[in-house]
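S.K.: Predicted structure and sequence below. I'll ask about it afterward.
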Amino acid sequence: MSVSAARAARTRAGALNLLVAGVLWGTGGLAGSVLATRAHLHPLAVASYRLLLGGGFAVVLLWIIGGLRTLPRTRTVARRLLTAGALLALFQACYFASVTLTSVSIATMTTIGSAPVFVALGDAVLERRRPSNATVLSLAGALLGLVLLTWSPDGGGDRWRLAAGVVCALVSGLGFATLTLATRRQVEGLDPLRTTAFGLLLGGVLLLPLGLWTGMALPARLDVLAVAVYLGVVPTALAYLAYFRGLRRSQPVLAALAALLEPLTAALLAAVLLGERLGALGWCGAALLAGTIAVSYLRPRE
């Protein structure tokens, strides 16, 4: 296999990891909603459990395979892990604050929709070149699809509360974009599993005071514990592991666009499992989102 063919194969594998991460994240919304309802938890408490359990499971896996013994104790590694943990905590806290102030659809649309734009702008500044026409077109198509998918004609509500919620969602999107750009380059001795494990764990520790303030009592029932375990393992530990693996081999903008699979997957799951109706505009938005992500994945990259 030639060098160019091998590089192309690695790029495709990285993109596939990002798509898997986006789909797994989409199941997290449903799991988090079920956990909040059955355990009567505030969204910030659910976010705390999500990061703490996800990080805890990943650390246990590291311990089983012997990865803890070979973890480098350098300042560069410590800075990367602290950065990842702080940005994950910021992303989750601001997102759920936006959910509380506005609605799930507005918070999701603003957070996930703004992230690729922030990534494209940040990448253009860091690389000192303007985004390509194809990238701009992909962003425009993705944003339009997201608006159609989550559009609610009867938003209403207090304008100041809505404005505050949108600002929180934009800060959340900026946090996710910064995480994407800050962790795209590999640190020696720090693989995706270690970044996932300690990044999630540190993020959960930073969110813990807010979670405790809202109440984190968890009923000792099998259904609640099963949902909590699923939330920590699948849409958190496994999803972020796939994301960090894919980020090493893909363009940052594609990584942010892959996150758009989260609201798409969540909307489709809600339609299938909960009987929620998307409507004509919703299905058009879903198709546009899927098409945009597919084109971004299939389009050859330099």
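M.R.: Structure received. Numbers count the residues shown, from 1 in each chain.
S.K.: For stretch 85-101, give the mean pLDDT please.
M.R.: For stretch 85-101, mean pLDDT is 86.
S.K.: Buried residues in that stretch, which are they?
M.R.: Going by neighbour count (16 or more other C-beta atoms under 10 Å), the buried part of stretch 85-101 is 85-99, 101. Backbone N, C-alpha and C define where each C-beta goes, glycine included.
S.K.: State the pair within those residues that is farthest apart.
M.R.: By the measure C-beta to C-beta, Gly85 and Leu101 form the most distant pair in the buried residues of stretch 85-101, at 24.6 Å.
S.K.: low-confidence ranges in the stretch 151-300 of the chain?
M.R.: For the stretch 151-300 of the chain, the stretches with pLDDT under 70 are 151-158, 253-254, 256-257, 263-264, 266-267, 270-271, 273-283, 285-300.
S.K.: Helices along that one, start to end?
M.R.: Assigned by DSSP state H, counting those that start in this stretch, the stretch 151-300 of the chain shows helices spanning 159-182, 192-214, 222-232, 239-247, 252-258, 261-273, 279-298.
S.K.: now for those, which one comes closest to Gly14?
M.R.: Comparing these against Gly14 with C-beta to C-beta, the closest turns out to be helix 239-247 (4.4 Å).
S.K.: For the closest one, which outside residues touch it?
M.R.: The contact list for helix 239-247, computed with C-beta atoms under 8 Å, 6 or more residues apart in numbering, reads 13-18, 20-21, 24-25, 28, 54, 58, 180, 183-184, 192-193, 195-196, 199-200, 255, 258.
S.K.: and the end-to-end length of stretch 204-224?
M.R.: Length of stretch 204-224, first residue to last, C-alpha to C-alpha, to the nearest Å: 19 Å.
S.K.: From Ala84, how far out is the closest residue in space to Leu126 that isn't next to it in sequence?
M.R.: Of all residues not flanking Leu126 in the chain, Leu181 sits nearest, at 6.9 Å (C-beta to C-beta, 6 or more residues apart in numbering). Taking C-beta to C-beta, to the nearest Å as the measure, Leu181 falls 12 Å from Ala84.
S.K.: between these two, which one's more packed in?
M.R.: Using other C-beta atoms under 10 Å, the more surrounded residue of Leu181 and Ala84 is Ala84, with 23 against 19.
S.K.: What distance do you get for the more buried one to Tyr243?
M.R.: For Ala84, the distance to Tyr243 (C-beta to C-beta) stands at 11 Å.
S.K.: what about Leu208, distance to Leu44?
M.R.: For Leu208 relative to Leu44 (C-beta to C-beta), the value is 10 Å.
S.K.: Tell me which residues touch the nearest residue to Leu170 once chain neighbours are set aside, please.
M.R.: If the residues on either side of it in the chain are set aside, Leu170 comes closest to Ser114, at 5.5 Å by C-beta to C-beta, 6+ apart. Contact partners of Ser114, counting by C-beta under 8 Å, 6+ apart, are 169-170, 173-174, 177.
S.K.: now do Glu188
M.R.: Contact partners of Glu188, counting by C-beta under 8 Å, 6+ apart, are 72, 76.
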